[in-house]
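Colleague: Turn this into a model:
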Amino acid sequence: MNVLVLQPVNPKHATARRADGVALAEVAAQLLARLPDANPGMTFDIRRDAAAVPVPPSPSLYARHAAVRNYMLDTYLAEHHTHVLWVDSDLVDYPADLPTLLSAANPGGIAAPLCLLDKCGPRFYDIGGFIEGGRRFPMAPPYSLQRGPVWELDSVGCLYLAPAWLYQAGVRYAPPPTDYYVEHWSVMAAARARGVRIVALADVVALHAWLPEFGLPLN
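Modeller: Residues are numbered from 1 along each chain as shown. Got it, this is the predicted structure:
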């Protein structure tokens, strides 16, 4: 597996630090640096980018997110990549062997861990990215209506492994039809139309930063 790791970086987060001096950007970089040693049999092409890109006119709050993701795909995706791992830059923890776990759970599909908000117990973070039967995940458990360690969903977000052929075939991000969803919705809909299975792993967790700890607003 040759994994293209794409991490869009919010420029506002570049200088964010906790009271103890730890920088949010340093946490993100350290998490990415663990991947090569923790996932034997995989090679990683890690790209972090804070590029400012033109945003097409849109009433959606997520038009900028879609434009940045598309810029990164157009800039860094190559024919030799077999998978794309999207990693939000304000995550503060996830398993080092996460790509291996995601690939094993849903070979050839799209897979994500759960994404909880750090310092907030079981509060779910990316409720607009994780969609089940057209319904956003709730903030409090139980998040899914399904049982078992693997949940089949309409969409995931924040941190997920996807087959590169989907993007190599021209699939790109777009503002959602309603901001009840987020920019991931367009790619997830295109994936489902092509028979790609989308899952979340109930027993694997990533933590999103409690941004006020880094002197930032939560959204």
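
Colleague: What strands line up against the longest strand belonging to the chain, and which way round?
Modeller: Looking across the chain with DSSP state E, the single longest strand is strand 198-208. Using DSSP bridges, strand 198-208 pairs in its sheet with strand 91-93 (antiparallel), strand 110-117 (parallel), strand 150-152 (antiparallel).

Colleague: of those, which approaches residue 9 most closely?
Modeller: strand 91-93 (11.9 Å; Cβ to Cβ). For every residue, glycine as well, the C-beta is placed using N, CA and C.

Colleague: In contact with residue 14: list those residues for me.
Modeller: 25, 50 (Cβ atoms under 8 Å, 6 or more residues apart in numbering).

Colleague: measure it to residue 23 for me?
Modeller: To residue 23, residue 14 is 9 Å away according to Cβ to Cβ, to the nearest Å.

Colleague: circling back to that earlier point, comparing the strands paired with strand 198-208, which comes out most buried?
Modeller: strand 110-117 (a mean of 25; mean count of other Cβ atoms under 10 Å).

Colleague: After that strand, which helix or strand is next?
Modeller: strand 131-132 (DSSP states H and E).

Colleague: next one: phi and psi at residue 159?
Modeller: phi -160, psi 110 (degrees, to the nearest 10).

Colleague: Excluding chain neighbours, what is closest to it?
Modeller: Of all residues not flanking residue 159 in the chain, residue 206 sits nearest, at 5.0 Å (Cβ to Cβ, 6 or more residues apart in numbering).

Colleague: What's opposite the one you found in the beta bridge?
Modeller: Beta-bridge partners, per DSSP bridges, of residue 206: residue 115.

Colleague: Restrict the longest helix belonging to the chain to CA atoms and write it as CSV.
Modeller: Taking DSSP state H as the criterion, the chain has its longest helix at helix 63-76. C-alpha atoms of helix 63-76 as CSV (Å, rounded to 0.1, in the frame of the first residue of the first chain):
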residue,chain,number,x,y,z
ALA,A,63,-17.1,25.7,0.4
ARG,A,64,-13.6,26.7,1.6
HIS,A,65,-13.0,23.3,3.1
ALA,A,66,-14.0,21.6,-0.2
ALA,A,67,-11.7,24.0,-2.2
VAL,A,68,-8.7,23.3,0.1
ARG,A,69,-9.2,19.5,-0.1
ASN,A,70,-9.5,19.6,-3.9
TYR,A,71,-6.3,21.8,-4.1
MET,A,72,-4.4,19.2,-2.1
LEU,A,73,-5.7,16.3,-4.3
ASP,A,74,-4.8,18.2,-7.5
THR,A,75,-1.4,19.1,-6.1
TYR,A,76,-0.2,15.9,-4.5
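
Colleague: Run through this protein and note the low-pLDDT ranges.
Modeller: Under the criterion pLDDT under 70, the flagged ranges of the chain are 219.

Colleague: what about the helices in it?
Modeller: Under DSSP H, the chain gives helices at 24-33, 35-38, 63-76, 98-105, 164-168, 184-193.

Colleague: The longest one to helix 184-193, inter-axis angle?
Modeller: Counting by axes from the mean of the first three to the mean of the last three Cα atoms, to 10 degrees, helix 63-76 lies at 60 degrees to helix 184-193.

Colleague: Mind listing what's buried along the longest helix of the chain?
Modeller: Buried residues in helix 63-76, counted by 16 or more other Cβ atoms under 10 Å: 63-73, 76.
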